[in-house]
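Chemist: Sequence and predicted structure below; questions after.
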Amino acid sequence: MTDSKYFTTTKKGEIFELKAELNSDKKEKKKEAVKKVIASMTVGKDVSALFPDVVNCMQTDNLELKKLVYLYLMNYAKSQPDMAIMAVNTFVKDCEDPNPLIRALAVRTMGCIRVDKITEYLCEPLRKCLKDEDPYVRKTAAVCVAKLHDINAQLVEDQGFLDTLKDLISDSNPMVVANAVAALSEIAESHPSSNLLDLNPQSINKLLTALNECTEWGQIFILDCLANYTPKDDREAQSICERVTPRLSHANSAVVLSAVKVLMKFMEMLSKDLDYYGTLLKKLAPPLVTLLSAEPELQYVALRNINLIVQKRPEVLKHEMKVFFVKYNDPIYVKLEKLDIMIRLASQANIAQVLAELKEYATEVDVDFVRKAVRAIGRCAIKVEQSAERCVSTLLDLIQTKVNYVVQEAIVVIKDIFRKYPNKYESVIATLCENLDSLDEPEARAAMIWIVGEYAERIDNADELLESFLEGFHDESTQVQLQLLTAIVKLFLKKPTETQELVQQVLSLATQDSDNPDLRDRGYIYWRLLSTDPVAAKEVVLAEKPLISEETDLIEPTLLDELICYIGTLASVYHKPPSAFVEGGRGVVHKSLPPRTASSESTESPETAPAGAPPGEQLDAVPTQGDLLGDLLNLDLGPPVSGPPLAASAVQMGAVDLLGGGLDSLMGDEPEGIGATSFVAPPAAAVPANLGAPMGSGLSDLFDLTSGVGTLSGSYVAPKAVWLPAMKAKGLEISGTFTRQAGTISMDLQLTNKALQVMTDFAIQFNRNSFGLAPAAPLQVHAPLSPTQTVEISLPLSTAGSVMKTEPLNSLQVAVKNNIDVFYFSTLYPLHILFVEDGKMDRQMFLATWKDIPNENEAQFQIRDCPLNAEAVSSRLQSSNIFTVARRNVEGQDMLYQSLKLTNGIWVLAELRIQPGNPSFTDLELSLKCRAPEVSQHVYQAYETILKN
């Protein structure tokens, strides 16, 4: 008879009967009673009242009875901690039992009783078991240390159990080694900062030896531990890979994935030229393929991991495409995952096979699967250019089926194909327009509207098509509304005379009748662009679009590297790092692949850095598409203007302020009377009268400007750098630098024509900037610039232009026009070109001003390894208009007190402490005080540039 009988009784007064039976003298009766207690406990009855009686049964030699009592004890010890202490003596005694099974059982149960009062009594028995002669007891004790650490970490550390655990890694028994590794890994995860698993080649060798002989779960623990080790070189990595490779043929899929994780990580250190690298790639494919013959749930986990592997190393499975073909009885989650991997593996060699499969899938009955299959055809077209034509014809065949959701998905992917291959497949637009009425999903409607707007000049009735969408504008989703607004503006710019009413209607709907901020903002931007400068609007709205990339759904590389380190875990199924789904900090360790041993980092050409800019600052100065809007609106697109430079500058810079009063008036009044090609402009924002005034003009009264005018000299000039590469400016390359000579600031330009046509009609314009820099004369290129010709021009600059604080402070956005187009670039100018010649302050004024400027405005910097002494430093700085007011020697260190003045009247005071270093280099400590502390960083950069060049 089986033990099921114990679960069928529901008698009342059972507790009393059980109590009597537990205290019986007969061993059999006692065992029966304990079984009944465990059965009652299992079905949820409270039998805690029997605690003392059950504990009394511990004094027995019967292993089965002891196991049952221990089971009861684990369950109720937490609710009865005072009673549980009664069992401590028995534990201690059992840990010295001659039977190793009982010793192991005692130590296992001790680890499971999570009661603080008891833990301290268990340390001695645990210490003995960790050094037990029987490996079964040692391996059980190793796991017990991890459990005890979870209850009381401090106790484990004080008792020295961690050191004993580390010693067990060298144990002769492989299962003890595996459990010691598992315990240490568990503890290390909860304490990432502690270096518990201090792995070295010797300990790795021991782990690899144990790997062949322990159980499958032991192998997983060891492989996971190996994955956290970083070999010292490629030879060690190869040696470990060779010894781990046999695990790929293991029957347990978890062992296989753990082995794959180790190999994927260490392959990062192997050179691709090695024969062994190719062999390893071949060995990785069969085990992954074998995983796909398991049950669907395992297949899904395998596929999610394969998805990561294929993104990192597509060559592993490039010949295994057929394995990922969908079977009719696959669950939908497996089908979708296989489809994803098929696209990743698609190449010119197998594309015909893939397309035939995908076309078959598109006629299935499962809607989600069909949608994904149609999208996959589009992704194939984008990924493999040679197949694009076949993909488009396949999509057209699918559109002819007139199945609603197939048609809609096809239109979405054809839009992407148009983006990838412009002016190639537009002949299909007519077919797409026939299906306009059947579109009811926002993404498909938005895609169709984009196609109509983008190719409006090829569609005779484009205005009617877009007008049909406009009828239910407020019922559409935001995605469709935004697309419709842009499409109608595109249509207006291509066919202005026929679509004035339509564009007026959509702008009115978007700006006045909509409560969506994104839609309103886009509407106002378009309205302002069209009303101010239709030519500029055309440049913005009809700009050439970048081609879309092949794979838009790839995992970001650093995240992919981290996920590769988590193959075989939940993170590899979610495709998210553990920190994204594990609550709290426990167990979350950021991992990354080891660096390639022989890889050389690609460095950017120094030519691309602007003149005088320190390395790393170029990126900040490059304007985004949004920043250039100001340039577009301020740019005078007519021919170069001759005449007084200041007047020209003021007129050009006084154009509409994008976010000024003009926008407010736009919100209040709807423009009337639309002209043939442009709107009536809304009132322009008034430019404040004092905008051109120097920022610090009020400070000039405080200082004696006439004292100590500097000698006329030339400041340091940085070598020319490429500001605008030819590839970004249709063949025009612009290099340049900034100079200050005899009080005049110049932009020295070198224009090179790398195009095949002559360039003429040059003009230049600056955007508003922090110091009011503006061209003081037109850009004079006296003769047409022929192909391959280079011309040098010095453009004088004034500082009386419009002022607007920029980030960084010394950035300058420039627009250059010629007969071909208008081009934009951004650069950083060195601040020392703004240091004026009358910047020497007298001593009394220096002292008074230094005290007057608040201490919080003081900034301190260090200039290391300067190759000059105090005399040379003073002389070098004076040539760039930084004047030494006084000099003294304090405890063997030279102190220079200096002043300089910027073009806008701001004074900067400096204290320069010169510390003699080795014979040829000195270290400088620079303290700067200024009423506008934001300039201090840039003044320091000027000091460093001047002194080190």
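Modeler: Now that the structure is in, tell me what you want to look at. Residues are numbered from 1 along each chain as shown.
Chemist: what ranges do the strands span in the protein?
Modeler: Remark: strands assigned in the chain by DSSP state E are 721-724, 732-741, 744-753, 763-766, 774-775, 790-798, 811-817, 822-828, 859-866, 883-890, 893-901, 907-916, 922-930.
Chemist: could you dump those strands to TSV with mean neighbour count and mean pLDDT?
Modeler: Glycine gets a C-beta too; all of them are placed from N, C-alpha and C. Below are those laid out as TSV (neighbours: other Cβ atoms under 10 Å; pLDDT from 0 to 100):
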stretch	mean neighbour count	mean pLDDT
strand 721-724	20	92
strand 732-741	21	92
strand 744-753	19	92
strand 763-766	21	92
strand 774-775	23	93
strand 790-798	16	92
strand 811-817	22	92
strand 822-828	21	91
strand 859-866	15	86
strand 883-890	14	88
strand 893-901	21	89
strand 907-916	20	86
strand 922-930	20	87
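Chemist: Figure out which of these is closest to Asp437.
Modeler: Asp437 lies closest to strand 822-828 among the strands of the chain, at 42.0 Å (Cβ to Cβ).
Chemist: pull the CA atoms of the closest one into PDB?
Modeler: Extracted in PDB, the C-alpha atoms of strand 822-828 (Å, rounded to 0.1, in the frame of the first residue of the first chain):
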ATOM      1  CA  VAL A 822      24.400  76.700 -48.900                       C
ATOM      2  CA  PHE A 823      26.600  74.700 -46.500                       C
ATOM      3  CA  TYR A 824      26.900  74.800 -42.700                       C
ATOM      4  CA  PHE A 825      29.600  74.000 -40.300                       C
ATOM      5  CA  SER A 826      30.600  74.800 -36.700                       C
ATOM      6  CA  THR A 827      33.900  75.400 -35.100                       C
ATOM      7  CA  LEU A 828      35.500  76.600 -31.800                       C
END
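Chemist: next one: it to chain centre, how far?
Modeler: Remark: strand 822-828 is offset 27 Å from the chain centroid, using Cα atoms, centre = their mean, to the nearest Å.
Chemist: what about stretch 873-886, start to end distance?
Modeler: 13 Å (Cα to Cα, to the nearest Å).
Chemist: Glu733 and Arg419, how far apart?
Modeler: 29 Å (Cβ to Cβ, to the nearest Å).
Chemist: Equivalent analysis for Val582, please.
Modeler: Using Cβ to Cβ, Val582 is found at 39 Å from Arg419.
Chemist: Then Leu223?
Modeler: As judged by Cβ to Cβ, Leu223 and Arg419 stand 45 Å apart.
Chemist: Compare neighbour counts for the two and give me the winner.
Modeler: With neighbours defined as other Cβ atoms under 10 Å, Leu223 and Arg419 compare such that Leu223 has more, 25 against 15.
Chemist: Look up the pLDDT of that one for me, please.
Modeler: Note on Leu223: pLDDT of 90.
Chemist: Adding distance to Leu50, write the strands of the chain out as JSON lines.
Modeler: JSON lines is the format used below for these (distance: least, Cβ to Cβ, whole Å):
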{"stretch": "strand 721-724", "distance to Leu50": "87"}
{"stretch": "strand 732-741", "distance to Leu50": "92"}
{"stretch": "strand 744-753", "distance to Leu50": "94"}
{"stretch": "strand 763-766", "distance to Leu50": "91"}
{"stretch": "strand 774-775", "distance to Leu50": "94"}
{"stretch": "strand 790-798", "distance to Leu50": "96"}
{"stretch": "strand 811-817", "distance to Leu50": "81"}
{"stretch": "strand 822-828", "distance to Leu50": "82"}
{"stretch": "strand 859-866", "distance to Leu50": "76"}
{"stretch": "strand 883-890", "distance to Leu50": "87"}
{"stretch": "strand 893-901", "distance to Leu50": "86"}
{"stretch": "strand 907-916", "distance to Leu50": "82"}
{"stretch": "strand 922-930", "distance to Leu50": "80"}
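Chemist: what's the residue nearest in space to the middle of the chain sitting at in phi/psi?
Modeler: Nearest to the mean C-alpha position of the chain, counting by Cα atoms, centre = their mean, stands Glu556 at 6.8 Å. Main-chain torsions, Glu556, degrees, to the nearest 10: phi -60, psi 130.
Chemist: again with Lys805
Modeler: When read as degrees, to the nearest 10, the backbone of Lys805 gives phi -60, psi 130.
Chemist: Could you do the one 5 residues further on as well?
Modeler: Asn810 adopts backbone torsions of phi -100, psi 30, taken as degrees, to the nearest 10.
Chemist: And it, how close does it get to Gln937?
Modeler: 10 Å.
Chemist: Comparing those two, which residue is more hemmed in?
Modeler: Remark: of Asn810 and Gln937, Asn810 carries more neighbours, 26 against 15, as counted by other Cβ under 10 Å.
Chemist: which residues touch that one?
Modeler: Going by Cβ atoms under 8 Å, 6 or more residues apart in numbering, Asn810 touches Ser770, Leu828, Tyr829, Pro830, Leu831, His938.
Chemist: Residue ranges in the stretch 101-250 of the chain under the pLDDT threshold?
Modeler: Along the stretch 101-250 of the chain, segments meeting pLDDT under 70 span 192-195.
Chemist: where along it do the helices fall?
Modeler: Applying DSSP state H, counting those that start in this stretch to the stretch 101-250 of the chain gives helices spanning 116-119, 123-130, 135-151, 153-158, 161-168, 174-190, 201-211, 216-227, 234-244.
Chemist: helices or strands next to the fifth one in the packing?
Modeler: Based on contacts counted as 3 or more Cβ pairs under 8 Å, 6 or more residues apart in numbering; DSSP states H and E, the elements that helix 161-168 packs against are helix 123-130, helix 135-151, helix 174-190.
Chemist: residues in contact with it?
Modeler: For helix 161-168, the surrounding residues in contact (Cβ under 8 Å, 6+ apart) are 126-127, 130-131, 138, 142, 145, 148-149, 156, 176-177, 179-180, 183-184, 187, 196, 198.
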